[in-house]
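Q: fold the following for me, if possible:
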Amino acid sequence: MTVVTMEKPDPQRKKRIKIPDACNAMGVKWAGPFDMLRAEKASFVLK
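A: Below you'll find the predicted structure:
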C-alpha cells in the first residue's frame, strides 16, 4: 500500500506534522498524486 497526498515533506515543522513526514517515520511508502498516476500508467480519454 502507498499513501497518496498533495503535501510535501517538511521535517523541520514541529506544530503540525505533515503526512509524508509521518510516513517516513513509520516506514510507509507515500507518493504525490501525479507520481501515482504516472506509476499506474493512467490515461484520460475524451470522447
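
Q: how far does stretch 26-41 sit from its chain's centre?
A: Relative to its parent chain, stretch 26-41 has a centroid offset of 6 Å by CA atoms, centre = their mean, to the nearest Å.

Q: residues contacting the residue most central in space within the chain?
A: Note on the chain: the residue nearest the mean C-alpha position is residue 31, at 2.9 Å, using CA atoms, centre = their mean. Listed by CB atoms under 8 Å, 6 or more residues apart in numbering, the contact set of residue 31 reads 2-4, 39. Where C-beta positions appear, they are placed from N, C-alpha and C, glycine not excepted.

Q: redo that, cut-off 6 Å
A: Residue 31 is in contact with 2, 4, counting by CB atoms under 6 Å, 6 or more residues apart in numbering.

Q: bridging residues for it?
A: Residue 31 forms beta bridges with residue 4, as assigned by DSSP bridges.

Q: much appreciated, bye for now.
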